[in-house]
Each structure stands twice: as structure tokens, then as C-alpha cells.
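Student: what follows is a predicted structure for the sequence shown.
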Amino acid sequence: MLSSKEKGSPYKQEEVYRRTIRVLIGSQLMAGAGLAAGIAVGALLAEEMTGSTGAAGLPAALFTLGSAGAAALVGRLSQAHGRRIGLGIGYSVGAIGATGIVLAAILGSLPLLFISLLLYGSGTATNLQARYAGADLAKPSKRGRAISIVLVATTAGAVLGPNLIEATGSIARSLGIRELAGPFMLAVLAYGAAAVVVFTFMRPDPLLIARTLASRASKQTKDQEQTIDLVDSQRQVRMAAAAMIITQMVMIAVMTMTPIHMRIHGYDLTAIGLIISIHIAAMYLPSPLTGWLVDRFGYRRVLALGGITLLAAGGLAWAAPASSFFLLGVTLTLLGLGWSFGLIAGSTAVTQNTSLERRASTQGSVDMSVSLAGAAGGLGSGFIMASSSYAMLGLVGGLLGLAILPLTLANRK
């Protein structure tokens, strides 16, 4: 519900929009650090506590499942109570999950570790859901850029987090705690700080203000026109969701197997880390450019461009010799860029084609599907790699990415 202040809000739309963007940038910088640091050592912590290499994949699976569930929950909370409540609770649950992981490491409790990993997934789901809050009060012609600004803010935290692994590990060791629990101690602080920032400063709430402004606007369309628009809008949302699902599946599949492919061919951990860093940079740093392209040329064209870029990445993964570090770098750069095109264009399409009365819950449901698709891509990539090769995985991924083109053509207005 709107507070009395928000009902009679003296704020102008542009004022609230700018304030919201500043709050989101601040929370993303913090949350990104906790997310990246924790993920980097999750598999190692599980391996250490279980004594089994086979258990190393459990954190990613549990984390992804938790992220999918949290995406739907954050969306519904935001729909019912506004972005401040949805995002704030999402970050808080992520902090609780990180706390549980630290306690599990201290107590040596595997059940607590696995439950906490599910809760920890709420952090990344909330990190992604925050991009939608940036677009609530943005003008339709600037929604792509608003989403991209929030995404690019994650980059600094994501780069900083892994670089603090050694420092946080030293702190944990000095406290008599497992060294690998250190990054999760950082995640507790990062997600907790992000929750405090959102709860404290995201006032007035952008989604609630957007609804108030929309309710005051006069309805100028006839019932028949509204029905036609609704049908077309639903088609656009389904198209955008399918495109984002394909994009996430291809990106996760190829990215997950790249370190294994490189290790098989004799690359050291430094080279592998550099390639993954290049990939992450390609995912987030071009976001402002992607947002401008979406606003300038429309989300369908950028989705199609994303499909072509994923095809190029998959084709290069198939054709490039494993001995070429440079070509591997280009492959992962194209893969990250294709993801940027697909996610920002798809997110803009979902936002523009969903009414305020159900926008947040629809966004949460779409993100849940995207997260589950990423899990499927990660699992499927292992089977393809084991039965064939990295080259075949790249080819399959590229062809799957190409499927976005007929999808956009079939759903033209």
C-alpha cells in the first residue's frame, strides 16, 4: 500500500527516477561483491566439507534452484508491496543464507550447508530483479538504458568480490574458521548492506509511484483496441521470455564447460581466470550500449542481434583450435555480448508489454524460468561434453541461439 506521503507525493517523476537509480547503483555495487566472492569458492567448500569431488557441483545446483524460487517470490512481493519490500527482503534472505553457510562451515554441518545454499540463491535473483526497478519510472523511450545502468553497476562488485577471496580467507583463518568460509562472511555484509540501502533509501517506491501516475492518466483507447493490445502484448512477453531462456541456456552451457576444456588442454588457473573475467566483462560492461541500441532500434532487432552473436560465439567455439588463447577469448567475449543483447532487450520487452497491475509478478515468473533454463544448460553441457566435445557443444549452442531470429520474426507487431 502507498504511504500517506506517497499518495500525495510532491516528488516529480524524474526526481524519483533519478533517486531510484542512485539507490539501485549503490545496492548493486555491494550485492555484486558478495555474490561473486561466494560463488567463486562454493564448489571448493562443498568438496572440502564432504571430502568428495562429486559433491562440488551441488552448490551450483542448489544455488540455481534457490535463485529460481526467489525470483518468483521477489516478483510477487514487489507486485503486492512495492520494489522496496521485494528487493529488501530478497537481499535479506541472501544474507541469511550466507550466514548459514558460515555457520555450516564452523559446525561441519552438511544439511545446514545445503539449506543455506538454497537461501543464498536469493541474492543473485534479487540482483537481477533490481534491473526492472530501474525501468519503473523511466520514459518508454529510455527503458533499455535504465535497465542497462542497473546491470552495469553490478560489474564493479562482481570484479571486486573474487579479488577479496584471499583477504577474507585470511580473516576467517585468524578467527579459527575454515578459510573458504571467508568469502561468505563478505557476502553476509554485502547482502545485508544492500538490504539496508534499499529499505532505507528507496522512498518513495518507484513501482507504487508509477501505479499512482498511471491511475491518474486518462484512458484514451476503446475497449476493442485494449483487447487487441492485450493479445499482442502477451505474445511479445512470451517471445521475450523464450528469447531470454535460450540466451541464458546457451551462455551457461558454454561458459560452464570452458574452464574444463581449457584445463584438459593444459591451461593453468591464471589463464582460465582471465578468460572468465573477460567473459563477465563482456556480459556487463557493454550494457549502456545495449540499452541505447534497444531504445534506438527496438527490442526485436536487438534480440535478433543477440541470436546472431550467440551463433558467432558457438561457431567460433566449434572451429577454433584449443591451442589459441586469443580465439577462446574472442569466443567468450561474443558469448557475453550475446547474453547482454538478449537479457536487456528481453527485459525491456517484458516491461513494456506488461501492465503495472501485474508487471512485477510477471517479471519474477520470467526470471524464474530463465534461472531454471540456466540450470538445464549447465547440466546438458556436461552430457554433451562427455559424449562428444567442446566443439560440438559450441555448435549446438550456436544453432540454438540462432533460433531467436525466427522467434522475433514470427512475433512482429
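Tutor: Done, it's in.

Student: next SSE downstream of the helix or strand residue 337 falls within?
Tutor: Assigned by DSSP states H and E, residue 337 belongs to helix 325-352. Heading C-terminal from helix 325-352, the first helix or strand you meet, by DSSP H and E, is helix 359-387.

Student: now that next one: buried residues?
Tutor: Buried residues in helix 359-387, counted by 16 or more other CB atoms under 10 Å: 359-381, 384-385. Where you see a C-beta, it was placed from the backbone N, CA and C, and this is true even at glycine.

Student: just checking, what packs against it?
Tutor: Counting contacts by 3 or more CB pairs under 8 Å, 6 or more residues apart in numbering; DSSP states H and E, helix 359-387 is packed against helix 58-81, helix 110-133, helix 223-264, helix 325-352, helix 390-402.

Student: same list (those helices) but as TSV, adding mean neighbour count, mean pLDDT and distance to residue 34.
Tutor: Formatted as TSV, the helices and strands packed on helix 359-387 follow (neighbours: other CB atoms under 10 Å; pLDDT from 0 to 100; distance: least, CB to CB, whole Å):
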stretch	mean neighbour count	mean pLDDT	distance to residue 34
helix 58-81	22	87	13
helix 110-133	25	91	6
helix 223-264	19	82	20
helix 325-352	25	95	21
helix 390-402	22	94	29
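
Student: indicate which one of those helices is closest to residue 278.
Tutor: helix 325-352 (5.4 Å; CB to CB).

Student: so who does the residue nearest the centre of the chain touch?
Tutor: The structure's the chain has its C-alpha centroid closest to residue 128; by CA atoms, centre = their mean the separation is 4.0 Å. Residues near residue 128 by CB atoms under 8 Å, 6 or more residues apart in numbering: 71, 367.

Student: sorry, back to before: show me what the helix holding residue 337 packs onto, helices and strands only.
Tutor: helix 110-133, helix 143-163, helix 223-264, helix 269-284, helix 287-297, helix 299-319, helix 359-387.

Student: those helices: which one's closest to residue 402?
Tutor: For those, proximity to residue 402 was assessed by CB to CB; helix 299-319 is nearest, at 4.6 Å.

Student: what angle sits between the closest one and helix 269-284?
Tutor: Put simply, helix 299-319 runs at 160 degrees to helix 269-284, going by axes from the mean of the first three to the mean of the last three CA atoms, to 10 degrees.

Student: when you give positions from now on, start the count at 36
Tutor: With 36 as the first residue, the last one maps to helix 334-354.

Student: for helix 334-354, C-alpha coordinates in PDB please.
Tutor: Backbone C-alpha positions of helix 334-354 (Å, rounded to 0.1, in the frame of the first residue of the first chain) are rendered in PDB as follows:
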ATOM      1  CA  TYR A 334      14.000  -4.800 -28.700                       C
ATOM      2  CA  ARG A 335      13.200  -7.200 -31.600                       C
ATOM      3  CA  ARG A 336      16.200  -6.100 -33.600                       C
ATOM      4  CA  VAL A 337      18.500  -6.300 -30.600                       C
ATOM      5  CA  LEU A 338      17.100  -9.800 -29.700                       C
ATOM      6  CA  ALA A 339      17.900 -10.900 -33.300                       C
ATOM      7  CA  LEU A 340      21.300  -9.400 -33.000                       C
ATOM      8  CA  GLY A 341      21.800 -11.400 -29.800                       C
ATOM      9  CA  GLY A 342      20.900 -14.600 -31.600                       C
ATOM     10  CA  ILE A 343      23.400 -13.800 -34.400                       C
ATOM     11  CA  THR A 344      26.100 -13.100 -31.800                       C
ATOM     12  CA  LEU A 345      25.500 -16.300 -30.000                       C
ATOM     13  CA  LEU A 346      25.700 -18.200 -33.300                       C
ATOM     14  CA  ALA A 347      29.100 -16.500 -33.900                       C
ATOM     15  CA  ALA A 348      30.300 -17.500 -30.500                       C
ATOM     16  CA  GLY A 349      29.100 -21.100 -30.900                       C
ATOM     17  CA  GLY A 350      30.600 -21.300 -34.400                       C
ATOM     18  CA  LEU A 351      34.000 -20.000 -33.200                       C
ATOM     19  CA  ALA A 352      33.900 -22.400 -30.300                       C
ATOM     20  CA  TRP A 353      33.400 -25.200 -32.800                       C
ATOM     21  CA  ALA A 354      36.100 -24.100 -35.300                       C
END
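
Student: distance of the residue nearest to the centre of the chain relative to residue 217?
Tutor: Separation of residue 163 from residue 217 (CB to CB, to the nearest Å) stands at 25 Å.

Student: coming back round to it: distance to residue 180 added to the helices and strands packed on helix 394-422, as a markdown table?
Tutor: Shown next, in a markdown table, are the helices and strands packed on helix 394-422 (distance: least, CB to CB, whole Å):
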| stretch | distance to residue 180 |
| --- | --- |
| helix 93-116 | 21 |
| helix 145-168 | 11 |
| helix 258-299 | 17 |
| helix 360-387 | 9 |
| helix 425-437 | 24 |
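
Student: residue 130 is nearest to which of those helices?
Tutor: Ranking those by proximity to residue 130 (CB to CB) places helix 145-168 first, at 7.6 Å.

Student: quick one: that closest one to helix 178-198, angle?
Tutor: 150 degrees.

Student: now do helix 145-168 against helix 360-387, angle only.
Tutor: 70 degrees.

Student: quick one: helix 145-168 to chain centroid distance?
Tutor: Centroid displacement of helix 145-168 relative to its chain, using CA atoms, centre = their mean, to the nearest Å, is 11 Å.
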